[in-house]
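S.K.: give me a 3D structure for the following:
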Amino acid sequence: MLEIADLAIDYPEFSAHYDLLVPKGALCALIGPSGGGKTTLLHAVAGFGRPPRGTLRFEGVDLTRLKPAERPLSILFQEHNLFPHLTAAQNVGLGLDPGLRLAAAQRAAVDAALARVGLAGLAERLPAQLSGGQRQRVALARALVRNRPLILLDEPFGGLDPGLRLEMIGLVDQLRRERRLTVLMSIHTPEDAADVADLMAFVAEGKVIATDTPAKLLAGARHPALDRYFRRAPLGA
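M.R.: Sure, this is the predicted structure:
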């Protein structure tokens, strides 16, 4: 389980305070307005900054005591962060060894990860020779090859066409079920995650304001900030 309780983040122009529980093996979609704190929450879990107070545990391990590289997680950003001069296989291999000194078993793991995300036969292509969706698949393969039980996704598919975005979200769902991964994913299109997420959390004003199943959160839970986000009329209006 990912346990976030009373977790405080303080920046000069933004303060946040988070509470969230994500069961092991679940996919939790973070929704909410831009600037509401979704990325700040993901960065806190990843270790980009040290919260002054609060609880952050994954499977019983206190993550606040661990450096980012020591945490049992991988993170994907909206920008795929691929090195343009490296091939797809080399970019994936960076997840295993930044110096790319890979043993035979590691090279096989890279090939297997590329194949699993639908890029078999494209290992030697440079990022410029791949489509946007293929580049994000390379980034996903790099996360997979690291074999970490927690994956954070910060709007990684937001720049893709709707059909391809749904395809990539479906692939993430398949992979987390196969590998029993826990996934925390921010997304600006809640309807895209409605059929795959176990849990949906509405984040605004630096807080997790509401948490429920996608069906209940999208249709039933009401809060002024949630109503503004969906442009719904308040109850009783």
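S.K.: which one is residue 141 nearest to, not counting chain neighbours?
M.R.: Leaving aside its sequence neighbours, residue 141 sits nearest to residue 113 (Cβ to Cβ, 6 or more residues apart in numbering; 4.1 Å). All C-beta spots, glycine's among them, are computed from the backbone N, C-alpha and C.
S.K.: please, which helix or strand holds the one you found?
M.R.: Counting by DSSP states H and E, the element that carries residue 113 is helix 104-116.
S.K.: buried residues in the following helix or strand past that helix?
M.R.: Per DSSP H and E, the first helix or strand lying C-terminal to helix 104-116 is helix 132-145. When burial is assessed from 16 or more other Cβ atoms under 10 Å, helix 132-145 yields the following buried residues: 133-145.
S.K.: elements contacting the helix holding residue 113?
M.R.: On a contact count with 3 or more Cβ pairs under 8 Å, 6 or more residues apart in numbering; DSSP states H and E, helix 104-116 meets helix 88-93, helix 132-145.
S.K.: C-alpha coordinates for the lowest-mean-pLDDT helix or strand in the chain, PDB please?
M.R.: When the helices and strands of the chain are compared on mean pLDDT, DSSP states H and E, helix 224-230 comes out lowest with a mean of 81. Only the C-alpha atoms of helix 224-230 are listed here, as PDB (Å, rounded to 0.1, in the frame of the first residue of the first chain):
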ATOM      1  CA  PRO A 224     -17.500  23.300  -4.900                       C
ATOM      2  CA  ALA A 225     -14.000  22.800  -6.400                       C
ATOM      3  CA  LEU A 226     -15.100  19.500  -8.000                       C
ATOM      4  CA  ASP A 227     -18.200  21.200  -9.400                       C
ATOM      5  CA  ARG A 228     -16.100  24.000 -10.800                       C
ATOM      6  CA  TYR A 229     -13.700  21.500 -12.400                       C
ATOM      7  CA  PHE A 230     -16.500  19.800 -14.200                       C
END
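S.K.: rewinding a little: the residue nearest to residue 141 and residue 44, how far apart?
M.R.: 27 Å (Cβ to Cβ, to the nearest Å).
S.K.: so for the two, which sits in the more crowded spot?
M.R.: residue 113 (26 against 23; other Cβ atoms under 10 Å).
S.K.: do you know the pLDDT at the more buried one?
M.R.: Predicted confidence (pLDDT) at residue 113: the value is 94.
S.K.: can you pull the contacts of it?
M.R.: 92, 141-142, 144-145 (Cβ atoms under 8 Å, 6 or more residues apart in numbering).
S.K.: how about a cut-off of 7 Å?
M.R.: Residue 113 is in contact with 92, 141, 144-145, counting by Cβ atoms under 7 Å, 6 or more residues apart in numbering.
S.K.: with distance to residue 37 and mean pLDDT as added columns, please give the helices and strands packed on helix 104-116 in JSON lines.
M.R.: Shown next, in JSON lines, are the helices and strands packed on helix 104-116 (distance: least, Cβ to Cβ, whole Å; pLDDT from 0 to 100):
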{"stretch": "helix 88-93", "distance to residue 37": "30", "mean pLDDT": "96"}
{"stretch": "helix 132-145", "distance to residue 37": "23", "mean pLDDT": "91"}
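S.K.: among those, which is nearest residue 11?
M.R.: Closest of those to residue 11 is helix 132-145, at 26.8 Å (criterion: Cβ to Cβ).
S.K.: chain center to that closest one: distance?
M.R.: On the basis of Cα atoms, centre = their mean, to the nearest Å, helix 132-145 sits 13 Å off its chain's mean C-alpha point.
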